[in-house]
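Visitor: pasted the sequence and its predicted model underneath.
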Amino acid sequence: MTSIRRKWHVKSRNGCDTCKMRKIKCDELHPECWNCIKKGLRCNFKPLRPMAVKEPPDIELEHLEHLELLHHFTISTASTLANESEIRDLWRVWVPQIALSVRYVLEGILALAALHKARYNPERRESLEARAMEYHNASLARALPLVTHPNRHNGAHLFLFGVLTLLFSLAKPRTADDIFLVGSGVVPEWLYLLRGIDTVIEAESAIEASPISLIFRATNPSFEYWRSHEPVEHGALTALKANIRARAQASNQKTLLDAVEALQRSFTIRSRDTLQFQHKMRGFYTWLYDISDEYLKLLRQGDCEALCVLAFYSVLLKDLERHWWLEGWAVHLLQRIYLLLDEEHQLWIRWPVEEVGWVPPCVPSVSYQT
């Protein structure tokens, strides 16, 4: 009987993994074994073609700056813009989300964040303040053409733009030659900005449908308190009203006295120890909304009696200087008013000068020879 010889082969453990999985003998040919070639299988002997690694594009320095300032706004600046936690969260979470799709809101955020960051980075202050102004100007250029025609699509966005622009105007660096004069009088730029926000608020339906309505729900009780409570008599304001009745032109007296009456309401809120600070703060802002266009006209004309009323408002500004964007405004405003008044009207504002703690410039003394 003829015996069948088994085919001889050398035992090896160096075959390809594919043949091992198929449990067949690998001929160990390189770069691919014949078994894999016949079956059209991938042989692990064949070196993998190196994949081209695509380098990510360089992140531009401007984009890094955007990220830096947006990060600063969310972790730091936003918490300084409100006292209530809900409104702080609005600034910290919702407003940056809007900014990602509305360029002029983003630029307003970056401008304010740059000013805030500059306060704590002396070595970068000059460059941060310069960038803040660039972002601010860019935001103005995009938004101003839209402000006169707010609608349900952009009303909330334009309101944010108005608030951010107001805060920037208050917070930007001031110099001795700071131009905030209109005509020959003293009308701070931010006063017009604050009143201009009223135009945007007319798009009420757009604002009510957005998270911004939270701000109005929080402020309404303060405004109602301001309007409904009788103002308490205030000695210095009573003296101011007496001076107006005695010295102001008859045609201007009602306008001036109405402004003082409204200011007296804000001083009444200031004196209420039971009210929280945020309610007092809103009472201070309410006066700016309440004053008439006729009173603003007198300010633009440099009317001394109107300037005296505004000098009394500087006392309320002093109370608000715990907010970084208002620091220094009380003295800055009072000093400018004082220098525009004649000697008689300078005496009218002795109380606000003392209350704010500003020392007027001394009149040069006259030496007498004996």
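Guide: Looks like it arrived, so ask away. Residues are numbered from 1 along each chain as shown.
Visitor: quick one: distance of stretch 329-343 to the chain centre.
Guide: Distance, stretch centre to chain centre, for stretch 329-343: 27 Å (Cα atoms, centre = their mean, to the nearest Å).
Visitor: CA-only coordinates of that stretch in PDB, if you can.
Guide: C-alpha atoms of stretch 329-343 as PDB (Å, rounded to 0.1, in the frame of the first residue of the first chain):
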ATOM      1  CA  TRP A 329     -17.500 111.600  37.300                       C
ATOM      2  CA  ALA A 330     -18.900 113.600  40.200                       C
ATOM      3  CA  VAL A 331     -15.800 115.800  40.600                       C
ATOM      4  CA  HIS A 332     -15.300 115.900  36.800                       C
ATOM      5  CA  LEU A 333     -18.800 117.300  36.200                       C
ATOM      6  CA  LEU A 334     -18.900 119.600  39.200                       C
ATOM      7  CA  GLN A 335     -15.500 121.100  38.400                       C
ATOM      8  CA  ARG A 336     -16.600 121.900  34.800                       C
ATOM      9  CA  ILE A 337     -19.800 123.500  36.000                       C
ATOM     10  CA  TYR A 338     -18.100 125.600  38.700                       C
ATOM     11  CA  LEU A 339     -15.700 127.100  36.200                       C
ATOM     12  CA  LEU A 340     -18.600 128.200  34.000                       C
ATOM     13  CA  LEU A 341     -20.600 129.900  36.700                       C
ATOM     14  CA  ASP A 342     -20.200 133.500  37.900                       C
ATOM     15  CA  GLU A 343     -19.400 134.200  41.500                       C
END
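Visitor: can you give me the strands in the stretch 51-200 of the chain?
Guide: With DSSP state E, counting those that start in this stretch applied, the stretch 51-200 of the chain shows strands at 181-182, 185-186, listed in chain order.
Visitor: could I get the average pLDDT for the first one?
Guide: What that stands for is strand 181-182. Here strand 181-182 scores 48 as its mean pLDDT.
Visitor: report the buried residues of stretch 103-120.
Guide: For stretch 103-120, burial by neighbour count (16 or more other Cβ atoms under 10 Å) applies to 104-118. The C-beta positions use only the backbone N, C-alpha and C, and glycine is treated the same way.
Visitor: swap that for stretch 187-197, please
Guide: Those buried within stretch 187-197 under the rule 16+ other Cβ under 10 Å are 187-191, 193-194, 197.
Visitor: based on its surroundings, how many neighbours for N243?
Guide: The number of residues packed near N243 is 17, by other Cβ atoms under 10 Å.
Visitor: count of neighbours near the residue nearest to it when sequence neighbours are not counted?
Guide: Once flanking residues are discounted, N243 sits nearest to W348: 5.5 Å by Cβ to Cβ, 6 or more residues apart in numbering. Using other Cβ under 10 Å, W348 has 22 other residues around it.
Visitor: hang on, W348 packs against L237?
Guide: No: checked against Cβ atoms under 8 Å, the pair W348 and L237 is beyond contact range at 11.3 Å.
Visitor: and K54, what's its pLDDT?
Guide: Confidence at K54, expressed as pLDDT, is 54.
Visitor: before we move on, what about G196?
Guide: As predicted, G196 sits at a pLDDT of 69.
Visitor: grab the nearest non-local neighbour of I37.
Guide: Take I37 and drop its neighbours on the chain: the residue closest to it by Cβ to Cβ, 6+ apart is C43, 7.5 Å away.
Visitor: that neighbour: how many residues sit nearby?
Guide: Residues within reach of C43, counting by other Cβ under 10 Å, total 21.
Visitor: and if you look at Q346?
Guide: As a burial measure, Q346 scores 18 neighbours (other Cβ under 10 Å).
Visitor: before we move on, what about L160?
Guide: For L160, the neighbour count with other Cβ under 10 Å is 25.
Visitor: how about E32?
Guide: 16.
Visitor: next: K23.
Guide: Neighbour count of K23, defined by other Cβ under 10 Å: 6.
Visitor: which phi and psi does it have?
Guide: phi 60, psi 50 (degrees, to the nearest 10).
Visitor: mean confidence for stretch 342-358?
Guide: The model assigns stretch 342-358 a mean pLDDT of 95.
Visitor: now for S251, how many residues are close by?
Guide: Neighbours around S251, by other Cβ under 10 Å: 8.
Visitor: when you give positions from now on, start the count at 545
Guide: Okay, residue one is now 545; in that scheme the one you just asked about reads as S795.
Visitor: in what helix or strand does it lie?
Guide: Element membership for S795, per DSSP states H and E: helix 794-814.
Visitor: I'd like to know which elements that helix is packed against.
Guide: Counting contacts by 3 or more Cβ pairs under 8 Å, 6 or more residues apart in numbering; DSSP states H and E, helix 794-814 is packed against helix 757-772, helix 779-791, helix 821-834, helix 837-844, helix 848-863.
Visitor: next, the residue nearest to I581: secondary structure please.
Guide: What DSSP: H, G, I helix; E, B strand; the rest coil gives for C587 is coil.
Visitor: wait, doesn't it sit right on K564?
Guide: No: C587 sits out of contact with K564 when judged by Cβ under 8 Å, with a separation of 11.5 Å.
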